[in-house]
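Chemist: Sharing a model prediction with you, sequence too.
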Amino acid sequence: MRSIIFQTEGLQCLSIHVDSAHEFAAASIIAWLMHTREILRSFSYNVGTIPYVNVPEKCCLQNLEALDLNHKSIIRVAPSYQRFTCLKSLSLRHVSISSLNPSLFIAVCPRIESLTLDAIEILTSGSQSLIELSSPILKCIFAKLVVVDKIILMADNLESLHLSVLNLNFFELISKNTLKHLKIKDVKVH
């Protein structure tokens, strides 16, 4: 593996997907990301590692523009991180995350334009789970199978909103009349 990593100095797109029956050494993932951190633009990650790798915490990928995390847990996102200053697209699929972390993730991504939340498990200590997202430049949001009670979106430049298979007690959108595309499928708001 080490020889492959050192031969990827020009790598701009990295996709690592390994089925659930196999695991990858965490050191290899971290080494690959550290070796390509200056040039990597797109990273898609669906790998079981020993030990677990919290990509947002461990990896400083300053030029990354697209991040796709699948079947992972995001234990924490510190608000002081400046690790994703160029990130424009964030996709979280089948990810466990605390209710505070999506908004913190958006806060550490000052250029984010597209957000996908697909089959997200929101971990909460209270009786009501809430996702509150605020971004002046977010243009596209896709939310599907997110088990949460309340969603509050504050997105001044939101152009596309796609909500699918949601059962909510409360939904609020605060924007500046920029919405051009709205798709709602199997959504219940009580």
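Modeler: Thanks, I have it.

Chemist: pLDDT averaged over stretch 133-149, what's the number?
Modeler: Per-residue pLDDT over stretch 133-149 has a mean of 91.

Chemist: Repeat that for stretch 52-71.
Modeler: Stretch 52-71 carries an average pLDDT of 76.

Chemist: got it, and stretch 107-122?
Modeler: This predicted structure assigns stretch 107-122 an average pLDDT of 87.

Chemist: and it, how far apart are its ends?
Modeler: Distance between the two ends of stretch 107-122: 18 Å, counting by Cα to Cα, to the nearest Å.

Chemist: buried residues in that stretch?
Modeler: For stretch 107-122, the neighbour count (16 or more other Cβ atoms under 10 Å) marks Ala107, Val108, Cys109, Ile112, Glu113, Ser114, Leu115, Thr116, Leu117, Asp118, Ile120, Ile122 as buried. No exception for glycine: its C-beta is placed from N, CA and C like everyone else's.

Chemist: Run through the residues that contact the fifth one.
Modeler: Looking back up the chat, that one is Glu113. Neighbour list for Glu113: Lys88, Ser89, Ile137, Leu138, Lys139, Cys140 [criterion: Cβ atoms under 8 Å, 6 or more residues apart in numbering].

Chemist: Please report the distance of it from Val95.
Modeler: Computed as Cβ to Cβ, to the nearest Å, the Glu113 to Val95 distance reads 20 Å.

Chemist: The first one now?
Modeler: According to Cβ to Cβ, Ala107 and Val95 sit 18 Å apart.

Chemist: residue ranges for the helices of the chain, please.
Modeler: With helices called from DSSP state H, the chain shows them at 2-6, 26-35, 55-58, 101-107.

Chemist: Lowest mean pLDDT across those helices, which one is that?
Modeler: Among the helices of the chain, helix 55-58 scores lowest, at a mean of 65.

Chemist: quick one, what contacts Ala155?
Modeler: Leu133, Ser134, Ser135, Pro136, Leu138, Lys139, Ile141, Leu173, Ile174, Ser175.

Chemist: right, and the second one touches Asp156 too?
Modeler: The reference is to Ser134. No - contact criterion Cβ atoms under 8 Å: Ser134 and Asp156 do not qualify, at 9.3 Å.

Chemist: that older thread, filter the contacts of Ala155 down to the buried ones.
Modeler: Leu133, Ser135, Leu138, Lys139, Ile141.

Chemist: Tell me the confidence at Phe84?
Modeler: 77.

Chemist: How many neighbouring residues does it have?
Modeler: 24 (other Cβ atoms under 10 Å).

Chemist: Not counting its neighbours along the chain, what's nearest it?
Modeler: What sits nearest to Phe84 in space, not counting adjacent residues and going by Cβ to Cβ, 6 or more residues apart in numbering, is Cys109, at 4.8 Å.
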